[in-house]
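# pasting the structure only:
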């Protein structure tokens, strides 16, 4: 195993752990919504900007999965595993900086992926729960969570840009990833 592979595995494990902790335990609850804003997706975006996709995909998927389990929401873990892996695919790690045009667009795409992914997952869960008489009712019922998912994803994108700019000022990519 090369030193580059080892370094990428270490970074992936580090970001998976950070994602799990910062999603499950560092959160701002949204009153009346049953949801919260967390820092996990921001860490996923930073990870995707630092290390190659196979490693960042695993970090995002595993970190998100464990976050749901640790937060007491294991029913969401399979959907989160898929959604978080998809988030990484739009980013590039090949630039000299974390914040570049593609990664800004990718953080905006993250809003669409997150919102659509959790909307579809909620439809599946509502339909499977038999609390809704048919799929049409589940489609409507799942709409309630859309604004909160948009808020979460938008906050993650904004925090990613702020953190990415700060990390770029430290030249972290040349110091750590070289």
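Received it, and whenever you're ready, just let me know what you need. Remember, it's a predicted structure, so these values are computed and weren't measured experimentally. Residues are numbered from 1 along each chain as shown.
# contacts and neighbour counts: CA atoms only from here.
Will do.
# separation between the residue in the chain sticking out farthest from the centre and residue 127?
Using CA atoms, centre = their mean, the residue of the chain lying farthest from its centre is residue 133. It sits 31.7 Å away. Separation of residue 133 from residue 127 (CA to CA, to the nearest Å) stands at 8 Å.
# just residue 121 next, same as before
10 Å.
# Same question for residue 68.
20 Å.
# hey, where'd the helices end up in the protein?
Remark: helices assigned in the chain by DSSP state H are 3-24, 40-50, 53-70, 77-88, 101-129, 135-142, 146-169, 172.
# Please name whichever of those helices is nearest to residue 31.
Nearest of the helices of the chain to residue 31, taken as CA to CA: helix 146-169 at 10.8 Å.
# Any figure for the gap between residue 100 and residue 162?
In terms of CA to CA, residue 100 sits 12 Å off from residue 162.
# cool, and residue 57?
Taking CA to CA, one finds residue 57 at 22 Å from residue 162.
# Could you do residue 15 as well?
Going from residue 15 to residue 162 by CA to CA gives 18 Å.
# Compare those two (neighbour count), which wins?
residue 15 (25 against 14; other CA atoms under 10 Å).
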